[in-house]
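In: have a look; sequence and predicted model below, questions after that.
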2 protein chains.
Amino acid sequence: MARVLVDFQPVGRRVEVDAGQTILSAIQQLGLSLGAGGLTAPCGGRGLCGRCRVRIASGEVGEVNPAERRFLTPAQLEKGYRLACQATVIGPVKVEIPPESMLGVQKLQVEGLDIAVTPEPPVKRYNLPLSKTTIENPLPLWQQVTGELEATYGLDRPGVDFGLAREWKPMATEGECVVTVRGPEVINIYTGRLAPPPVGLAVDLGTTKVAGFLINLETGATLAADGIMNPQITYGEDVMARLGYALEGEEEYRRIQEVEIEGLNRLAATLAAKAGVATTDIEEAVIVGNTAMHHLLLHLPVEQLARAPYVPALTTPVEIKARNLGLNLSPGAFVYLQPVIAGFVGGDHVAMILGSRIDEARKVTLGLDIGTNTEIVLSYGGKMLSCSCASGPAFEGAHIAQGMRAVTGAIAAVRLSDDGRDVFWESIGGVPPLGICGSGILDAVAELYRTGVLNASGRLDLNHPRVRRPAGGGPPEFLLVPAAETGIDGDLVVTQKDINEIQLAKAAIATGTLLLLEAAGLTVKDLEEVVVAGAFGTHLKLESAITIGMFPNLPLTAFRQVGNAAGTGARLALLSLTERKRGEAIARQVGYLELMTRPSFHEVYVKSLLLP
Amino acid sequence: MARVLVDFQPVGRRVEVDAGQTILSAIQQLGLSLGAGGLTAPCGGRGLCGRCRVRIASGEVGEVNPAERRFLTPAQLEKGYRLACQATVIGPVKVEIPPESMLGVQKLQVEGLDIAVTPEPPVKRYNLPLSKTTIENPLPLWQQVTGELEATYGLDRPGVDFGLAREWKPMATEGECVVTVRGPEVINIYTGRLAPPPVGLAVDLGTTKVAGFLINLETGATLAADGIMNPQITYGEDVMARLGYALEGEEEYRRIQEVEIEGLNRLAATLAAKAGVATTDIEEAVIVGNTAMHHLLLHLPVEQLARAPYVPALTTPVEIKARNLGLNLSPGAFVYLQPVIAGFVGGDHVAMILGSRIDEARKVTLGLDIGTNTEIVLSYGGKMLSCSCASGPAFEGAHIAQGMRAVTGAIAAVRLSDDGRDVFWESIGGVPPLGICGSGILDAVAELYRTGVLNASGRLDLNHPRVRRPAGGGPPEFLLVPAAETGIDGDLVVTQKDINEIQLAKAAIATGTLLLLEAAGLTVKDLEEVVVAGAFGTHLKLESAITIGMFPNLPLTAFRQVGNAAGTGARLALLSLTERKRGEAIARQVGYLELMTRPSFHEVYVKSLLLP
């Protein structure tokens, strides 16, 4: 019987199963948990509960059966929804596990990864009776609340956040209230209306994109998720430009910090509206970001970060009242910033390790989060060593002649016929292409090399029929899509300079990988697992990355594309104090390797520029 | 041999000794501690060390002897300075113990009271080595600091205040540093210059006056003390007027809060300059104030405080970063606000009890802090019960026809010949009098009653030669000082209305006392000790207060005039976390008696209006 590859998204796990097996059995082979009951669906996979809903993103599966018709609407079936326990795989298939299928009750599934975590949030709720404050019963609200917390729940002399006391009416009325306690103080209260569940905000504060998640802190459910462009982008595309702007003067620094905070407030408002709660219901926030984003948000000194020795001002975790940062959450809410490790290894890297469980890897594991700076961690024998590589913005479409972000109209995948004469491409949204995004240019370079249109030095073969000199002269280019098929007024091409940009980027990443291994006394042969995080890392074609030597040449099954692991880490740190401490332990445990100080840096880098 | 009364200031303790005994022996009889060595002077009272310096404020003492000439300059002798172990008492004497004579080394004397306290401040200092941050040694300052604190001193994952990290340069240079740690975080650092001792600020935030003390947190020494007028006075003389102003609108509230914070910043700057440190060296602050001052400073809701049921918004202790209140102290400094008890029983009352040790009184003790509102506590059988009386501003000179504050030119003491025809008065500064202050009007009313010029209802005897109707008609008045002797263009008089104001004030205080006793099931006969706190309470003549029935009729030795006990309590809470917790325990332990709800209130009040 044929073996077929089943690829699960967004968890990024792959498994080979016999054709004809159900998707649920593939899930079970991977040890993924699914459905409200955990590993097994509540009905035991008999098609009786309809809870193991998944979506077939691509590939061939068996026909829809009556059990599935019972639980899925025609519109859902149209969109590819199936029951995992009923649908069988025929050919290689890509399966999406929707968030609602991943929620547990006790042990929770956190979207984006197969991690079960018991909620253990920093906030706790209490129901308390109240009596009316009068001159005969001169007990104001907070005195009643703290008194009840002490008498009924045995709390030790609880206090009240003075910001909450500022904003809340101090007279009690007859009835009940729900209060939220964090550490030694009451930080929120609900009277007179039904209290929403305790809600927390997790933010992955990226240089380009800011991803936010609103989480039910009791169940771990993701109530809303959304992303915005980082509004600081007006002041510079990359971290160096932003730091440079902040260093122009106090007013500039203030401005770049303020737009960030405004952006976070907008994101929180959008998420709250989606989830049907108020921003003032958000009682805790966790923010993870690279060191520059972290420092700019906190208005920490950045000169030593923008220039040698490129060190952070502060590496310890920061926990402050959200209001003291200008964030409009619940009056007493705290915001926790994951600690950073080094100038270019930030809290997002810590969160990535936390969110992908690399810290507990028993195999020799490499973890990469590819961006303008690519952070890499090597986990081996209970140790972790990280570095940062200046991989540049090529994979975000910048510095590429016709590059663009991975949005509608971008060519996201490219394949060539073996002679390189025919080009097969896919554009996002299926529209006539407007440009090429990271995964598209990566594919293009890999395919050009595979088909011999490029040599090992990265030079285009001038004798190839699709290679030409541009009209105005200059270095050669490869005709990817002729003008007639594009959505722009002209051809889409891959230039010699584009190829060199990709070489620079992949050399940076390969150098980081090799020097980490060297510092650990290991070689590529010792690597057992590679975790690839981030949006680009999840969408890229692994084969292409291996072909050009960006990733080590290992079997595809050794790779794990984990999506936004930093976002997952942020949600874990939000949901559980144990996870938060684990993140802090990671930050303290990870060694930092400054690549520039390695004697072999130059030699390795020059070698890595070549295609393998 | 004759017995003479020795009265110690500013501690407010009195003792009777045989004429001819030394002042030191009187001190020892009281159990007061004096001099660097504690109870006994270092030399054992043999006149060999010169440390037991005191000042004779008034009264007759023996002649200066050779031992005293050795340790005191002629200028000091001129001012009344003597050695307590050498000077003998002849008649009744008032002795001032200067601050420098009250400092201990291990157990500390806190100025203003005979309280020995072991410093146990919330901040702790550490000396650490630093190495230069470079690309080869990429450890920025805070990473070195926290690493050293962990490695050398065993601190558990210390953090760094992010406000400090904001303001301080993050690169380390070769050398040493001194850091201040508070709880889990580093809050201050000194590099490159000698660190001053750790300094704290204690503030007694009164409605009229704001008293500040700068304290060495290691030794307990008072480095500077000063007072300013409360700048909020522009917005209302008393708390009700201020609350009313704050309630006019958000802008008004913001303004009245801001002037207070500006005032505190000015006071801190003045004190720092006096002590030769910077305001940024102040690493901790404690503020005690009545409930209105407390709420206005924190910008808490005050409507329910200004109107029935007159309750506070928040009674729990508040501890926040000083910067979050706009106070310009050390970047990471905290400010602690002593908890309040009720709408008119504030943190200053808690501090008064703490500073006068009424909470550990074994006798049935009454404690009074006289002001526009007079707070009274009754301590009996291990319990404490407090109330607040609206005694009005008469003792601050307001509502008195020719009243004024106790400043230069005010008549502060009055005595009449037995027939009431001759008036003997003293003015502050010895200048021709401009008006009459609280202790002066109290004396005047008491003397008028003693000499029969007033009857028990408080009516002036119209047949007395100094009693007259004013030129324009109206109620009678008593001629205190004829125009020729005053510094103003006219006579100084005590009006019938002035007398009635004093009756109202004393009736309020007496009613509070009687209702507290009643609620405790006690009578005046059960009272064993009366503690009188505050500036007016310390300067008033006890005999006068007893004569008019403001104070219970007990022997003078049962009274203890303790000065600014609230300020002492603030300093204790600043210097020692044990004292701070003790203050919190007091706030929780003290019961609050709302006088208006007592059935006998009206009857007792009306009776108390009469002179006894």
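Out: Thanks, I have it.
In: let me know the pLDDT of A:R266.
Out: A:R266 is assigned 94 on the pLDDT scale.
In: secondary structure class for it?
Out: Following DSSP: H, G, I helix; E, B strand; the rest coil, A:R266 is assigned to helix.
In: I'd assumed A:L214 was in contact with A:A225.
Out: Yes. With contacts counted by C-beta atoms under 8 Å, A:A225 reaches A:L214, the gap being 7.4 Å. For the C-beta atoms, the positions are set from N, CA and C on the backbone; glycine is no exception.
In: so for the two, which sits in the more crowded spot?
Out: Neighbour count, other C-beta atoms under 10 Å in any protein chain shown: between A:A225 and A:L214, A:L214 has more, with 27 against 20.
In: what do A:A225 and A:L214 both touch?
Out: Shared contacts of A:A225 and A:L214, defined by C-beta atoms under 8 Å, 6 or more residues apart in numbering or on different chains, comprise A:L271.
In: can you give me the strands in the stretch 301-450 of chain A?
Out: With strands called from DSSP state E, counting those that start in this stretch, the stretch 301-450 of chain A shows them at A:318-321, A:334-337, A:365-369, A:374-380, A:383-389, A:410-416, A:423-427, A:435-436.
In: got JSON lines for those, with mean neighbour count, mean pLDDT and distance to A:A308 too?
Out: JSON lines is the format used below for these (neighbours: other C-beta atoms under 10 Å in any protein chain shown; pLDDT from 0 to 100; distance: least, C-beta to C-beta, whole Å):
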{"stretch": "strand A:318-321", "mean neighbour count": "20", "mean pLDDT": "95", "distance to A:A308": "25"}
{"stretch": "strand A:334-337", "mean neighbour count": "24", "mean pLDDT": "98", "distance to A:A308": "25"}
{"stretch": "strand A:365-369", "mean neighbour count": "26", "mean pLDDT": "97", "distance to A:A308": "24"}
{"stretch": "strand A:374-380", "mean neighbour count": "26", "mean pLDDT": "97", "distance to A:A308": "19"}
{"stretch": "strand A:383-389", "mean neighbour count": "22", "mean pLDDT": "96", "distance to A:A308": "14"}
{"stretch": "strand A:410-416", "mean neighbour count": "23", "mean pLDDT": "93", "distance to A:A308": "37"}
{"stretch": "strand A:423-427", "mean neighbour count": "18", "mean pLDDT": "93", "distance to A:A308": "43"}
{"stretch": "strand A:435-436", "mean neighbour count": "26", "mean pLDDT": "92", "distance to A:A308": "35"}
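In: which one of those lies closest to B:Q21?
Out: With C-beta to C-beta, the closest approach to B:Q21 among the strands of the stretch 301-450 of chain A belongs to strand A:318-321: 60.0 Å.
In: is any residue of that closest one near chain B?
Out: Yes. Against chain B, strand A:318-321 shows contacts by C-beta under 8 Å from any C-beta of the partner chain at A:V318, A:I320, A:K321.
In: ditto for stretch A:359-373
Out: No. Against chain B, stretch A:359-373 shows no contacts by C-beta under 8 Å from any C-beta, the least distance being 16.0 Å.
In: roughly how far is that stretch from the heart of the chain?
Out: In this view, stretch A:359-373 has its centroid 13 Å away from the chain centroid, taken as C-alpha atoms, centre = their mean, to the nearest Å.
In: that one: end-to-end distance?
Out: End-to-end span of stretch A:359-373 (C-alpha to C-alpha, to the nearest Å): 21 Å.
In: over to stretch A:73-86?
Out: Length of stretch A:73-86, first residue to last, C-alpha to C-alpha: 15 Å.
In: quick one: contacts of it?
Out: In contact with stretch A:73-86 (C-beta under 8 Å, 6+ apart) are residues A:22-24, A:27, A:34, A:41, A:43, A:45-47, A:50, A:52-57, A:61, A:64-65, A:67-69, A:71-72, A:95, A:101.
In: what's the span of stretch A:162-179, first residue to last?
Out: 15 Å.
In: for that stretch, give the mean pLDDT please.
Out: Mean pLDDT, stretch A:162-179: 93.
In: please apply the same query to stretch A:65-78.
Out: Averaging pLDDT residue by residue across stretch A:65-78 gives 86.
In: skipping adjacent residues, who's closest to A:G289 in space?
Out: Excluding its sequence neighbours, the residue lying closest to A:G289 (C-beta to C-beta, 6 or more residues apart in numbering or on different chains) is A:L205, at 3.4 Å.
In: which residues sit in contact with the one you found?
Out: Going by C-beta under 8 Å, 6+ apart, the list of residues near A:L205 reads A:N230, A:E260, A:L264, A:I287, A:V288, A:G289, A:N290, A:M293, A:H294, A:L297, A:D348.
In: returning to what we had before: now, the contacts of stretch A:73-86 that are in strands?
Out: A:R53, A:V54, A:R55, A:I56, A:A57, A:V61, A:V95 (DSSP state E).
In: tell me, how many residues neighbour A:R405?
Out: 16.
In: helix, strand or coil for the nearest residue to A:L378 once chain neighbours are set aside?
Out: Leaving aside its chain neighbours, A:L378 sits nearest to A:L516 (4.2 Å; criterion: C-beta to C-beta, 6+ apart). Under three-state DSSP, the three-state class of A:L516 is helix.
In: would you confirm that A:L516 contacts A:S388?
Out: No. Using C-beta under 8 Å, A:L516 is not in contact with A:S388; the gap is 10.9 Å.
In: who touches both of these two?
Out: Contact criterion C-beta under 8 Å, 6+ apart; residues shared by A:L516 and A:S388: A:I376.
In: how about the contacts made by whichever residue of the stretch 151-300 of chain A sits closest to chain B?
Out: Minimum separation of the stretch 151-300 of chain A from chain B (C-beta to the nearest C-beta) falls at A:P170, amounting to 3.6 Å. Residues in contact with A:P170 (C-beta under 8 Å, 6+ apart) are A:T133, A:P140, A:L141, A:W142, B:L300, B:P301, B:Q304, B:V311, B:P312, B:A313, B:L314.
In: what about the residues you listed, which are in helices?
Out: The helices, defined by DSSP state H, take in A:L141, A:W142, B:Q304 from the contacts of A:P170.
In: out of those, the closest to B:S417 would be?
Out: B:Q304 (52.5 Å).
In: quick one: least confident helix or strand in chain A?
Out: The helix or strand of chain A with the poorest confidence is strand A:108-109; it has a mean of 32 (mean pLDDT, DSSP states H and E).
In: direction included, what does the very next helix or strand once past that one pair up with?
Out: Moving toward the C-terminus from strand A:108-109, the next helix or strand (DSSP states H and E) is strand A:116-117. Paired with strand A:116-117 in the same sheet, following DSSP bridges, are strand A:108-109 (antiparallel).
In: which residues touch the residue of the stretch 251-400 of chain A found nearest chain B?
Out: Chain B sits closest to A:A313 of the stretch 251-400 of chain A, with a gap of 3.6 Å, by C-beta to the nearest C-beta. Contacts of A:A313 were listed using C-beta under 8 Å, 6+ apart, and they are A:H295, A:L300, A:P301, A:V302, A:Q304, A:L305, B:P140, B:W142, B:A165, B:P170.
In: which members of these are the farthest-apart pair?
Out: The largest separation in the contacts of A:A313, counting by C-beta to C-beta, is between A:V302 and B:W142 at 14.4 Å.
In: close to chain B: what parts of the stretch 501-612 of chain A are there?
Out: Counting by C-beta under 8 Å from any C-beta, the residues of the stretch 501-612 of chain A near chain B are A:E584, A:R588, A:Y592, A:E594, A:M596, A:T597.
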